[in-house]
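Chemist: the following comprises the amino acid sequence and a computationally predicted model.
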Amino acid sequence: MAGISMNGVYNHFIQDYVSKDVTQADAHRKDELRDVYKSIAKINKKSPLYLLTDDDASRNDAIDIKERARLLQGNIFSLSNQDDKSSLNHTSAFTTDEQKVTASYIGKTPDADVNGSGFDIEVTQLAASQVNRGKALPRESTSVLAPDSYAFDVKLDDQEFEFQFSIYQTDRNSDVFDKLEKLINKAGIGIFAEVIDAGEGRSALQISSTRTGLKSGAISQFEIYETSGELAKGSVEALGLDRVSAPAANAHFTLNGEPKTAVSNHFTVGGKFDIQVNELTEEPIHVGVRRDNEALVKHVTALIDNYNSFVLDTGDYTDEKFKGDKLKSEAIGIARQCLSGIEDIGIKLEANGTVSVDKELLGQTVASTQSDESLAPVRKFADALIAKAKDIAVDPMKYVDRPVVNYKNPDSKDNTASPYITSEYSGMMFNNYC
């Protein structure tokens with residue numbers, strides 16, 4: 001019986017109360033958790049004693065609005081990759097020759113003068129993989145290897161791997177190539193095999209490293225050889241598996257004239273630029289960063305869409321004990337305070353409290369100015385929404401009809417912090433099962 005009751009508790013909790021999405025707002029640092037604790041303690045030090053009604057609808061609404069506030073905060077956080085989550089800084093990297101060198105900006109804090117940062121890159125050698133191309137043998141001829149069980153070794157990154165295979169009386173060279181191709185690729189150790197057409201009815205087995213470049217002190221990406229053992233020898237020599245047709249090589253390039261090397265054609269520069277080199281360059285290519293106007297417009301539009309969804313959702317509550325109108329009016333008050341009078345940039349506060357966006361006008365505003373001053377009200381709006389979401393998450397019960405039992409004496413020195421009282425709503429999920 002007890003097991004059945006516990007299952008009921010668990011199922012009720014999972015279906016109705018567990019967060020459906022994990023957002024960046026849920027990844028708290030120690031200082032953030034400390035701020036939450038201080039907020040709870042401060043509220044309860046001044047908060048009167050309330051009487052909570054035993055009402056399922058009110059409890060469900062309180063927890064639901066907490067989740068909606070948490071989701072709103074998470075959605076706003078996801079719009080920016082800056083440490084300041086309300087930041088409207090959106091930048092993108094560019095190069096003067098996108099065909100030869102492509103770049104993306106991965107810095108967390110753009111330079112104050114975005115358009116003035118960057119560097120020149122000149123590529124003199126691309127990073128390359130090691131390629132072993134075996135002997136070209138007639139595809140349909142009987143295998144050059146006599147029927148037997150064979151083995152060879154591959155040394156890769158100071159690790160040794162043994163490959164074993166068998167040759168049968170009816171096997172042709174093509175059968176052997178196919179067999180080794182599948183055997184090597186299935187191992188997934190960092191080399192890739194493929195059967196290539198060598199012309200005139202012949203084929204060869206080509207083995208390449210999946211990585212490029214050479215580590216310091218290394219002379220090859222991989223080695224193929226045979227060691228003493230019980231299985232037959234001769235497969236490496238007969239098939240030419242150890243013949244290096246193209247050695248591995250590092251990328252060679254200069255940054256503002258200073259020589260650099262990399263084991264890959266994909267690397268980062270200064271922790272701010274992600275670079276992909278595609279071709280050699282005949283002259284230096286400039287890599288820079290500029291404001292991404294398109295991303296900025298999408299950011300503002302998404303911010304307002306999240307606000308509109310929150311306002312419309314809070315208006316759906318019909319429970320008479322839940323103060324949905326209070327929550328809705330507070331959210332609309334934030335929009336009126338921050339976004340009034342900026343219709344000229346394409347953002348307009350509607351009569352029902354929602355906000356509309358003229359994307360074309362907003363895009364023109366963003367493109368016509370390099371300063372974020374015109375969007376200062378939008379950033380203020382984002383800051384205010386984040387603060388309100390945090391406030392709701394700390395104490396969603398203030399939006400539930402809860403009669404006051406006793407006020408605290410504001411002059412009393414006995415009003416100590418009680419940080420656990422605002423957790424009263426967290427136990428409501430189980431009160432019908434205890």
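Modeler: Perfect, thanks for sending it. Residues are numbered from 1 along each chain as shown.
Chemist: only C-alpha atoms for contact and neighbour calcs from this point on.
Modeler: Fine.
Chemist: residues contacting the closest residue to Leu137 other than its chain neighbours?
Modeler: Ranked by C-alpha to C-alpha, 6 or more residues apart in numbering and with sequence neighbours excluded, the top spatial neighbour of Leu137 is Arg202, at 5.0 Å. Arg202 makes contact with 136-139, according to C-alpha atoms under 8 Å, 6 or more residues apart in numbering.
Chemist: closest one of these to Ile347?
Modeler: Ala136 (69.1 Å; C-alpha to C-alpha).
Chemist: from Ala232, how far off is that closest one?
Modeler: Ala136 is 22 Å from Ala232, where distance means C-alpha to C-alpha, to the nearest Å.
Chemist: likewise for Ser203?
Modeler: As judged by C-alpha to C-alpha, Ser203 and Ala232 stand 23 Å apart.
Chemist: tell me where the stretch 151-300 of the chain has helices.
Modeler: Under the criterion DSSP state H, counting those that start in this stretch, the stretch 151-300 of the chain contains helices at 173-187, 235-239, 293-314.
Chemist: tell me the most packed of the contacts of Arg202, by neighbour count.
Modeler: Each of those was scored by neighbours using other C-alpha atoms under 10 Å; the highest score is Leu137's, at 23 neighbours.
Chemist: and it, what's its pLDDT?
Modeler: For Leu137, the pLDDT comes out at 96.
Chemist: quickly list what it is bridged to.
Modeler: Bridge pairing for Leu137 (DSSP bridges) gives the partners Ser203.
Chemist: which residues touch it?
Modeler: Neighbouring residues of Leu137 by C-alpha under 8 Å, 6+ apart: 173, 202-204.
Chemist: same deal with Ser104?
Modeler: Contacts of Ser104 by C-alpha under 8 Å, 6+ apart are 92-94, 273-275.
Chemist: can you say which helix or strand has it in it?
Modeler: Take DSSP states H and E as the rule and Ser104 turns out to sit in strand 101-105.
Chemist: parallel or antiparallel, which strands does that strand pair with?
Modeler: Using DSSP bridges, strand 101-105 pairs in its sheet with strand 273-277 (antiparallel).
Chemist: which outside residues touch the partner strand?
Modeler: When contacts are defined by C-alpha under 8 Å, 6+ apart, strand 273-277 is touched by residues 93, 100-107, 123, 126, 265-269.
Chemist: what about Ser203 and Ala232, which has more around it?
Modeler: Neighbour totals were compared for Ser203 and Ala232, and Ser203 leads with 21 against 17 (other C-alpha under 10 Å).
Chemist: distance check, that one against Pro138.
Modeler: For Ser203 relative to Pro138 (C-alpha to C-alpha), the value is 6 Å.
Chemist: help me confirm that Thr142 comes into contact with Asn173.
Modeler: Yes - judged on C-alpha atoms under 8 Å, Thr142 makes contact with Asn173 at a distance of 6.0 Å.
Chemist: which one's more surrounded, those two?
Modeler: Between Thr142 and Asn173, counting by other C-alpha under 10 Å, Asn173 is the more crowded of the two (23 against 16).
Chemist: contacting residues around the more buried one?
Modeler: With C-alpha under 8 Å, 6+ apart, Asn173 has these contacts: 137-144.
Chemist: go again with 6 Å.
Modeler: Asn173 makes contacts with 139, 143, as judged by C-alpha atoms under 6 Å, 6 or more residues apart in numbering.
Chemist: in the stretch 301-434 of the chain, which spans are strands?
Modeler: In the stretch 301-434 of the chain, the strands defined using DSSP state E, counting those that start in this stretch lie at 347-349, 355-357, 404-406.
Chemist: rank those by pLDDT, which is bottom?
Modeler: Sorting the strands of the stretch 301-434 of the chain by mean pLDDT places strand 404-406 lowest, at a mean of 64.
Chemist: can you list contacts of stretch 344-362?
Modeler: Stretch 344-362 has contacts (C-alpha under 6 Å, 6+ apart) with 308, 332, 365.
Chemist: so which of those is the closest to Ser220?
Modeler: For the contacts of stretch 344-362, the nearest to Ser220 is Thr365 (55.6 Å; C-alpha to C-alpha).
Chemist: now do Asn44, the pLDDT please.
Modeler: Note on Asn44: pLDDT of 71.
Chemist: which residue is the nearest non-sequential neighbour of Ser208?
Modeler: Nearest residue to Ser208, sequence neighbours excluded (C-alpha to C-alpha, 6+ apart): Val131, at 4.4 Å.
Chemist: do Asp274 as well
Modeler: In this structure, Asp274 finds its nearest non-sequential neighbour in Thr268, 4.5 Å apart by C-alpha to C-alpha, 6+ apart.
Chemist: can you check Arg133 too?
Modeler: Closest to Arg133 by C-alpha to C-alpha, 6+ apart is Gln206, at 4.4 Å.
Chemist: what about the one you found, how many neighbours?
Modeler: As a burial measure, Gln206 scores 22 neighbours (other C-alpha under 10 Å).
Chemist: ok, now Glu162?
Modeler: Glu162 sits with 13 neighbouring residues when counted by other C-alpha under 10 Å.
Chemist: ditto for Gln99
Modeler: Gln99, neighbours per other C-alpha under 10 Å, totals 10.
Chemist: how about the secondary structure of it?
Modeler: The three-state label given to Gln99 by DSSP: H, G, I helix; E, B strand; the rest coil is coil.
Chemist: for it, give its distance to Ser220.
Modeler: According to C-alpha to C-alpha, Gln99 stands 30 Å off from Ser220.
Chemist: repeat that for Phe273.
Modeler: Using C-alpha to C-alpha, Phe273 is found at 29 Å from Ser220.
Chemist: ok, the two, which is more surrounded?
Modeler: Neighbour count, other C-alpha under 10 Å: between Phe273 and Ser220, Phe273 has more, with 22 against 19.
Chemist: now that one: closest residue in space, sequence neighbours ignored.
Modeler: The spatially closest residue to Phe273, leaving aside those adjacent along the chain, is Tyr105, at 4.8 Å (C-alpha to C-alpha, 6+ apart).
Chemist: dump the residue contacts of that neighbour.
Modeler: Neighbour list for Tyr105: 92-93, 272-273 [criterion: C-alpha under 6 Å, 6+ apart].
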